[in-house]
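*Asks:* Need a 3D model of the following:
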Amino acid sequence: MTVSADGLPEAAAAGVPAPPPGLVVVGYFDQPPTYGINRPRGADSWLFTWTTGGRGRLRHGSAEARAGAGDLVVLAPGVPHGYGVEPGARHWRFWWAHCQARPAWRSWLRPYDAGEGMYVVTPTPDMVRGRVEASFRRMLADARWTGTEAPPPTAPGDAPGDDSVAVAHGAAARELALCSLEEVVLLTAGTARAQPPRPGIDARVRRAEALIAADPAAPHTVRSLAEQVALSPSRFAHLFTRQTGQAPMRALREARLRHAARLLESTDLSVERVAAASGFASPFHFNRVFRERYGRPPGAYRGSGPMVGG
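*Replies:* Next up, the predicted model:
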(Lines give C-alpha, C1' and ligand atoms only; values in the text may rest on other atoms or scores of the structure.)
Protein backbone atom coordinates (compact mmCIF):
# COMPACT_ATOMS: atom_id res chain seq x y z
CA MET A 1 0.00 0.00 0.00
CA THR A 2 1.08 3.61 -0.50
CA VAL A 3 2.50 5.25 2.62
CA SER A 4 3.68 8.70 3.65
CA ALA A 5 5.97 7.80 6.55
CA ASP A 6 9.43 9.33 6.69
CA GLY A 7 12.56 8.07 4.97
CA LEU A 8 13.80 4.74 3.96
CA PRO A 9 16.77 3.43 5.88
CA GLU A 10 20.01 4.91 4.69
CA ALA A 11 21.05 3.10 1.56
CA ALA A 12 23.79 0.57 1.88
CA ALA A 13 24.79 1.47 -1.65
CA ALA A 14 24.14 5.08 -2.53
CA GLY A 15 24.04 6.01 -6.18
CA VAL A 16 24.23 2.43 -7.47
CA PRO A 17 23.58 2.76 -11.21
CA ALA A 18 20.65 0.98 -12.82
CA PRO A 19 21.24 -1.20 -15.89
CA PRO A 20 21.33 0.60 -19.26
CA PRO A 21 17.89 1.11 -20.83
CA GLY A 22 18.39 -1.34 -23.69
CA LEU A 23 18.94 -4.34 -21.45
CA VAL A 24 16.50 -6.72 -19.82
CA VAL A 25 17.81 -7.75 -16.42
CA VAL A 26 15.90 -9.96 -13.99
CA GLY A 27 16.81 -11.17 -10.53
CA TYR A 28 15.63 -12.71 -7.30
CA PHE A 29 16.90 -11.39 -3.96
CA ASP A 30 16.37 -12.23 -0.32
CA GLN A 31 17.94 -9.29 1.49
CA PRO A 32 18.71 -8.59 5.19
CA PRO A 33 17.67 -5.45 7.10
CA THR A 34 20.84 -3.59 6.07
CA TYR A 35 19.94 -3.72 2.36
CA GLY A 36 19.08 -0.49 0.59
CA ILE A 37 19.57 1.21 -2.77
CA ASN A 38 19.48 4.94 -3.44
CA ARG A 39 19.50 6.48 -6.94
CA PRO A 40 19.35 10.28 -6.68
CA ARG A 41 19.08 10.57 -10.46
CA GLY A 42 16.64 7.72 -10.90
CA ALA A 43 17.13 5.18 -13.69
CA ASP A 44 16.88 5.15 -17.45
CA SER A 45 14.87 1.94 -17.34
CA TRP A 46 11.68 0.79 -15.62
CA LEU A 47 11.97 -1.21 -12.40
CA PHE A 48 9.43 -3.91 -11.55
CA THR A 49 9.44 -5.49 -8.07
CA TRP A 50 7.26 -8.41 -6.93
CA THR A 51 7.46 -9.28 -3.25
CA THR A 52 7.24 -12.91 -2.15
CA GLY A 53 8.22 -12.57 1.51
CA GLY A 54 9.17 -10.09 4.21
CA ARG A 55 8.59 -6.39 3.66
CA GLY A 56 10.11 -3.78 1.39
CA ARG A 57 9.82 -0.04 1.25
CA LEU A 58 10.16 2.01 -1.91
CA ARG A 59 10.42 5.75 -2.57
CA HIS A 60 9.94 7.37 -5.97
CA GLY A 61 10.18 11.13 -5.90
CA SER A 62 7.73 12.12 -3.17
CA ALA A 63 5.66 8.91 -3.49
CA GLU A 64 6.31 6.03 -1.12
CA ALA A 65 4.99 2.50 -0.79
CA ARG A 66 5.33 -0.51 1.45
CA ALA A 67 5.50 -3.86 -0.32
CA GLY A 68 4.38 -7.15 1.17
CA ALA A 69 3.86 -10.60 -0.30
CA GLY A 70 1.88 -10.42 -3.52
CA ASP A 71 2.50 -6.71 -4.21
CA LEU A 72 3.83 -5.49 -7.55
CA VAL A 73 5.47 -2.07 -7.35
CA VAL A 74 6.66 -0.45 -10.58
CA LEU A 75 8.94 2.60 -10.87
CA ALA A 76 9.06 4.57 -14.11
CA PRO A 77 12.35 6.04 -15.43
CA GLY A 78 13.75 9.46 -14.71
CA VAL A 79 12.63 9.99 -11.10
CA PRO A 80 14.95 9.83 -8.06
CA HIS A 81 14.21 6.66 -6.15
CA GLY A 82 15.34 4.40 -3.36
CA TYR A 83 14.26 1.11 -1.90
CA GLY A 84 15.22 -1.33 0.79
CA VAL A 85 14.00 -3.55 3.60
CA GLU A 86 11.25 -1.90 5.60
CA PRO A 87 12.45 -0.80 9.04
CA GLY A 88 11.61 -3.48 11.58
CA ALA A 89 11.30 -6.26 8.97
CA ARG A 90 13.69 -9.20 9.14
CA HIS A 91 14.18 -9.44 5.38
CA TRP A 92 12.75 -8.64 1.97
CA ARG A 93 12.44 -11.43 -0.59
CA PHE A 94 11.49 -10.22 -4.04
CA TRP A 95 11.77 -10.58 -7.80
CA TRP A 96 12.92 -7.57 -9.76
CA ALA A 97 13.36 -6.63 -13.40
CA HIS A 98 14.91 -3.64 -15.17
CA CYS A 99 13.78 -3.07 -18.76
CA GLN A 100 11.93 -0.75 -21.10
CA ALA A 101 8.20 -1.22 -20.56
CA ARG A 102 6.10 -2.07 -23.57
CA PRO A 103 3.75 0.84 -24.43
CA ALA A 104 0.61 -1.22 -23.85
CA TRP A 105 1.55 -1.86 -20.22
CA ARG A 106 0.91 1.74 -19.21
CA SER A 107 -2.84 1.47 -19.71
CA TRP A 108 -2.90 -1.60 -17.46
CA LEU A 109 -0.83 0.11 -14.77
CA ARG A 110 -2.59 3.49 -14.92
CA PRO A 111 -5.35 2.63 -12.37
CA TYR A 112 -2.61 1.94 -9.82
CA ASP A 113 -0.74 5.24 -10.25
CA ALA A 114 0.52 6.39 -6.83
CA GLY A 115 2.12 9.55 -8.21
CA GLU A 116 5.37 10.56 -9.91
CA GLY A 117 5.57 7.39 -11.97
CA MET A 118 5.12 4.89 -9.14
CA TYR A 119 2.51 2.17 -9.66
CA VAL A 120 1.41 0.04 -6.71
CA VAL A 121 -0.56 -2.99 -7.88
CA THR A 122 -2.23 -4.50 -4.84
CA PRO A 123 -3.87 -6.61 -3.57
CA THR A 124 -3.16 -9.46 -5.97
CA PRO A 125 -5.47 -12.42 -5.25
CA ASP A 126 -3.92 -15.62 -3.95
CA MET A 127 -5.31 -17.51 -6.93
CA VAL A 128 -2.87 -15.87 -9.37
CA ARG A 129 0.26 -15.59 -7.24
CA GLY A 130 1.57 -19.00 -8.22
CA ARG A 131 1.19 -18.11 -11.89
CA VAL A 132 2.99 -14.79 -11.35
CA GLU A 133 5.83 -16.60 -9.58
CA ALA A 134 6.06 -19.07 -12.48
CA SER A 135 6.21 -16.17 -14.94
CA PHE A 136 9.20 -14.68 -13.14
CA ARG A 137 10.94 -18.08 -13.04
CA ARG A 138 10.36 -18.42 -16.76
CA MET A 139 11.64 -14.88 -17.32
CA LEU A 140 14.85 -15.73 -15.48
CA ALA A 141 15.33 -18.88 -17.57
CA ASP A 142 14.49 -17.21 -20.88
CA ALA A 143 16.88 -14.34 -20.20
CA ARG A 144 19.69 -16.94 -20.22
CA TRP A 145 18.70 -18.42 -23.57
CA THR A 146 21.52 -18.50 -26.09
CA GLY A 147 19.25 -18.90 -29.12
CA THR A 148 21.18 -21.91 -30.35
CA GLU A 149 19.28 -24.54 -28.36
CA ALA A 150 16.02 -25.01 -26.53
CA PRO A 151 15.33 -22.40 -23.83
CA PRO A 152 16.31 -23.57 -20.34
CA PRO A 153 13.49 -25.47 -18.64
CA THR A 154 11.77 -24.15 -15.54
CA ALA A 155 10.57 -26.75 -13.05
CA PRO A 156 7.23 -25.86 -11.43
CA GLY A 157 7.71 -24.77 -7.85
CA ASP A 158 11.48 -24.52 -8.08
CA ALA A 159 12.74 -21.35 -6.41
CA PRO A 160 15.93 -19.80 -7.73
CA GLY A 161 18.92 -19.40 -5.49
CA ASP A 162 19.26 -16.19 -3.52
CA ASP A 163 20.80 -13.33 -5.50
CA SER A 164 20.06 -14.97 -8.88
CA VAL A 165 20.51 -12.47 -11.73
CA ALA A 166 20.28 -12.91 -15.50
CA VAL A 167 20.84 -10.49 -18.37
CA ALA A 168 19.06 -11.14 -21.67
CA HIS A 169 21.75 -10.49 -24.25
CA GLY A 170 20.15 -11.77 -27.45
CA ALA A 171 17.16 -10.11 -29.14
CA ALA A 172 15.06 -13.28 -28.94
CA ALA A 173 15.93 -13.81 -25.28
CA ARG A 174 14.95 -10.21 -24.51
CA GLU A 175 11.57 -10.56 -26.20
CA LEU A 176 10.87 -13.89 -24.50
CA ALA A 177 11.75 -12.40 -21.13
CA LEU A 178 9.50 -9.40 -21.80
CA CYS A 179 6.65 -11.74 -22.73
CA SER A 180 6.91 -13.31 -19.28
CA LEU A 181 6.96 -9.88 -17.65
CA GLU A 182 3.93 -8.87 -19.69
CA GLU A 183 2.13 -11.88 -18.24
CA VAL A 184 3.03 -10.61 -14.76
CA VAL A 185 1.59 -7.17 -15.55
CA LEU A 186 -1.63 -8.60 -16.98
CA LEU A 187 -2.16 -11.11 -14.17
CA THR A 188 -1.63 -8.58 -11.40
CA ALA A 189 -3.23 -5.48 -12.91
CA GLY A 190 -6.14 -7.49 -14.27
CA THR A 191 -7.07 -9.06 -10.94
CA ALA A 192 -5.95 -6.72 -8.16
CA ARG A 193 -9.06 -4.58 -8.51
CA ALA A 194 -11.73 -6.92 -9.72
CA GLN A 195 -15.13 -5.45 -10.49
CA PRO A 196 -17.39 -5.69 -7.44
CA PRO A 197 -20.10 -8.31 -7.83
CA ARG A 198 -23.50 -7.04 -8.86
CA PRO A 199 -25.74 -6.78 -5.82
CA GLY A 200 -28.38 -9.45 -5.51
CA ILE A 201 -26.77 -11.88 -7.98
CA ASP A 202 -26.08 -15.34 -6.60
CA ALA A 203 -22.41 -16.37 -6.71
CA ARG A 204 -23.34 -19.48 -8.68
CA VAL A 205 -25.02 -17.41 -11.35
CA ARG A 206 -21.97 -15.13 -11.54
CA ARG A 207 -19.78 -18.20 -11.92
CA ALA A 208 -21.91 -19.49 -14.80
CA GLU A 209 -21.82 -16.09 -16.49
CA ALA A 210 -18.03 -16.04 -16.14
CA LEU A 211 -17.74 -19.52 -17.68
CA ILE A 212 -19.82 -18.42 -20.66
CA ALA A 213 -17.91 -15.17 -21.12
CA ALA A 214 -14.50 -16.85 -20.87
CA ASP A 215 -15.21 -19.38 -23.62
CA PRO A 216 -18.50 -18.78 -25.43
CA ALA A 217 -17.59 -21.26 -28.17
CA ALA A 218 -17.37 -24.17 -25.72
CA PRO A 219 -20.18 -26.76 -25.90
CA HIS A 220 -22.00 -25.38 -22.87
CA THR A 221 -25.40 -26.81 -21.97
CA VAL A 222 -27.75 -26.18 -19.08
CA ARG A 223 -26.59 -29.47 -17.60
CA SER A 224 -22.85 -28.78 -17.98
CA LEU A 225 -23.16 -25.29 -16.49
CA ALA A 226 -25.31 -26.60 -13.65
CA GLU A 227 -22.68 -29.22 -12.84
CA GLN A 228 -19.99 -26.53 -12.72
CA VAL A 229 -21.93 -24.62 -10.05
CA ALA A 230 -23.21 -27.66 -8.13
CA LEU A 231 -26.91 -27.21 -8.90
CA SER A 232 -29.49 -29.43 -10.55
CA PRO A 233 -30.24 -28.38 -14.16
CA SER A 234 -33.80 -27.30 -13.31
CA ARG A 235 -32.74 -25.30 -10.23
CA PHE A 236 -29.88 -23.69 -12.14
CA ALA A 237 -32.05 -22.70 -15.12
CA HIS A 238 -34.70 -21.22 -12.83
CA LEU A 239 -32.19 -19.28 -10.72
CA PHE A 240 -30.22 -18.00 -13.72
CA THR A 241 -33.33 -16.84 -15.57
CA ARG A 242 -34.86 -15.17 -12.50
CA GLN A 243 -31.70 -13.24 -11.65
CA THR A 244 -30.44 -12.26 -15.12
CA GLY A 245 -33.72 -11.92 -17.00
CA GLN A 246 -32.77 -14.43 -19.68
CA ALA A 247 -32.40 -18.18 -19.91
CA PRO A 248 -28.89 -19.69 -19.83
CA MET A 249 -28.94 -20.72 -23.48
CA ARG A 250 -30.15 -17.29 -24.54
CA ALA A 251 -27.28 -15.74 -22.60
CA LEU A 252 -24.91 -18.17 -24.30
CA ARG A 253 -26.21 -17.21 -27.76
CA GLU A 254 -25.75 -13.52 -26.97
CA ALA A 255 -22.18 -14.16 -25.80
CA ARG A 256 -21.43 -16.11 -28.97
CA LEU A 257 -22.79 -13.34 -31.15
CA ARG A 258 -20.70 -10.71 -29.34
CA HIS A 259 -17.65 -12.95 -29.75
CA ALA A 260 -18.36 -13.34 -33.45
CA ALA A 261 -18.81 -9.59 -33.88
CA ARG A 262 -15.43 -8.91 -32.32
CA LEU A 263 -13.79 -11.50 -34.57
CA LEU A 264 -15.35 -9.85 -37.61
CA GLU A 265 -14.08 -6.47 -36.43
CA SER A 266 -10.54 -7.54 -35.64
CA THR A 267 -9.61 -10.43 -37.93
CA ASP A 268 -9.83 -11.42 -41.56
CA LEU A 269 -11.20 -14.89 -40.81
CA SER A 270 -13.88 -16.05 -43.22
CA VAL A 271 -17.47 -15.89 -42.05
CA GLU A 272 -17.53 -19.69 -41.89
CA ARG A 273 -14.48 -19.77 -39.62
CA VAL A 274 -15.88 -16.99 -37.45
CA ALA A 275 -19.06 -19.02 -37.05
CA ALA A 276 -17.14 -22.13 -36.02
CA ALA A 277 -14.83 -20.20 -33.68
CA SER A 278 -17.87 -18.69 -31.98
CA GLY A 279 -19.64 -21.98 -31.33
CA PHE A 280 -22.08 -22.05 -34.27
CA ALA A 281 -22.14 -25.42 -36.00
CA SER A 282 -24.11 -24.15 -39.01
CA PRO A 283 -22.95 -21.10 -41.02
CA PHE A 284 -26.51 -20.71 -42.30
CA HIS A 285 -27.90 -20.54 -38.76
CA PHE A 286 -25.11 -18.16 -37.78
CA ASN A 287 -25.91 -15.80 -40.66
CA ARG A 288 -29.60 -15.78 -39.73
CA VAL A 289 -29.22 -15.11 -35.98
CA PHE A 290 -26.40 -12.60 -36.56
CA ARG A 291 -28.60 -10.60 -38.92
CA GLU A 292 -31.46 -10.72 -36.43
CA ARG A 293 -29.18 -9.39 -33.68
CA TYR A 294 -27.18 -6.73 -35.55
CA GLY A 295 -29.46 -5.81 -38.43
CA ARG A 296 -27.10 -6.92 -41.17
CA PRO A 297 -25.34 -10.12 -42.25
CA PRO A 298 -21.81 -10.84 -41.00
CA GLY A 299 -20.08 -9.79 -44.24
CA ALA A 300 -21.80 -6.41 -44.30
CA TYR A 301 -21.17 -5.93 -40.58
CA ARG A 302 -17.44 -6.39 -41.11
CA GLY A 303 -17.36 -3.49 -43.55
CA SER A 304 -19.37 -1.15 -41.32
CA GLY A 305 -16.83 -0.72 -38.48
CA PRO A 306 -17.06 -1.66 -34.81
CA MET A 307 -20.52 -1.70 -33.26
CA VAL A 308 -19.98 -3.85 -30.16
CA GLY A 309 -18.79 -2.11 -27.01
CA GLY A 310 -16.60 -3.45 -24.22
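*Asks:* what's in contact with stretch 234-252?
*Replies:* Contacts of stretch 234-252 with the rest of the structure, by C-beta atoms under 8 Å, 6 or more residues apart in numbering, involve 200-202, 204-205, 208-209, 212, 216, 220-222, 225-226, 229, 231, 254, 279. All C-beta atoms are positioned from the backbone trio N, CA, C, and that covers glycine.
*Asks:* again, only this time at 7 Å
*Replies:* Residues external to stretch 234-252 that are found in contact with it (C-beta atoms under 7 Å, 6 or more residues apart in numbering): 201-202, 205, 208, 212, 216, 220, 222, 225-226, 229.
*Asks:* So which helix or strand of this structure has the lowest pLDDT on average?
*Replies:* The helix or strand of the chain with the poorest confidence is strand 2-3; it has a mean of 34 (mean pLDDT, DSSP states H and E).
*Asks:* how about Phe48, secondary structure?
*Replies:* When classified by DSSP: H, G, I helix; E, B strand; the rest coil, Phe48 comes out as strand.
*Asks:* so what's it closest to, chain neighbours aside?
*Replies:* By the measure of C-beta to C-beta, 6 or more residues apart in numbering, the closest residue to Phe48 outside its immediate chain neighbours is Ala97, 4.6 Å from it.
*Asks:* One more: Arg93?
*Replies:* Here the nearest residue to Arg93 in space, its sequence neighbours aside, is Gly53; by C-beta to C-beta, 6+ apart that works out to 3.7 Å.
*Asks:* and that neighbour, helix, strand or coil?
*Replies:* State at Gly53, reduced to three classes by three-state DSSP: strand.
*Asks:* Just to check, it is in contact with Ala67?
*Replies:* No. Taking contacts as C-beta atoms under 7 Å, Gly53 lies outside contact range of Ala67: 10.7 Å.
*Asks:* which of these two has more neighbours?
*Replies:* With other C-beta atoms under 10 Å as the criterion, Gly53 and Ala67 differ in neighbour count, and Ala67 comes out ahead with 23 against 14.
*Asks:* can you tell me how far the more buried one sits from Gly84?
*Replies:* If you measure Ala67 against Gly84 using C-beta to C-beta, to the nearest Å, the figure is 11 Å.
*Asks:* Mind checking the pLDDT average for stretch 165-184?
*Replies:* Across stretch 165-184, pLDDT averages out at 94.
*Asks:* Contacts for that stretch, please.
*Replies:* So stretch 165-184 is contacted by 23-27, 48, 50, 72, 97, 99, 102, 105, 132, 135-136, 138-140, 142-145, 147, 151 (C-beta under 7 Å, 6+ apart).
*Asks:* Can you select the buried ones from the residues you listed in PyMOL?
*Replies:* The PyMOL command for the buried members of the contacts of stretch 165-184 (criterion: 16 or more other C-beta atoms under 10 Å) is given here:
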select buried, resi 23+24+25+26+27+48+50+72+97+99+105+132+135+136+138+139+140+142+143+144+145+151
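*Asks:* where in the stretch 151-300 of the chain is pLDDT low?
*Replies:* Residues of the stretch 151-300 of the chain that meet the criterion pLDDT under 70 lie in 155-163, 194-197.
*Asks:* Let me see the ranges of the helices in it.
*Replies:* With DSSP state H, counting those that start in this stretch as the criterion, the stretch 151-300 of the chain has helices at 171-191, 203-214, 222-228, 233-244, 248-266, 271-277, 283-294, 298-302.
*Asks:* Would you mind giving the ones you listed as a markdown table with distance to Gly117 and mean neighbour count added?
*Replies:* Putting the helices of the stretch 151-300 of the chain into a markdown table (distance: least, C-beta to C-beta, whole Å; neighbours: other C-beta atoms under 10 Å) gives the following:
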| stretch | distance to Gly117 | mean neighbour count |
| --- | --- | --- |
| helix 171-191 | 15 | 19 |
| helix 203-214 | 34 | 16 |
| helix 222-228 | 43 | 17 |
| helix 233-244 | 42 | 16 |
| helix 248-266 | 32 | 19 |
| helix 271-277 | 40 | 18 |
| helix 283-294 | 43 | 16 |
| helix 298-302 | 41 | 17 |
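*Asks:* Alright, I will stop here.
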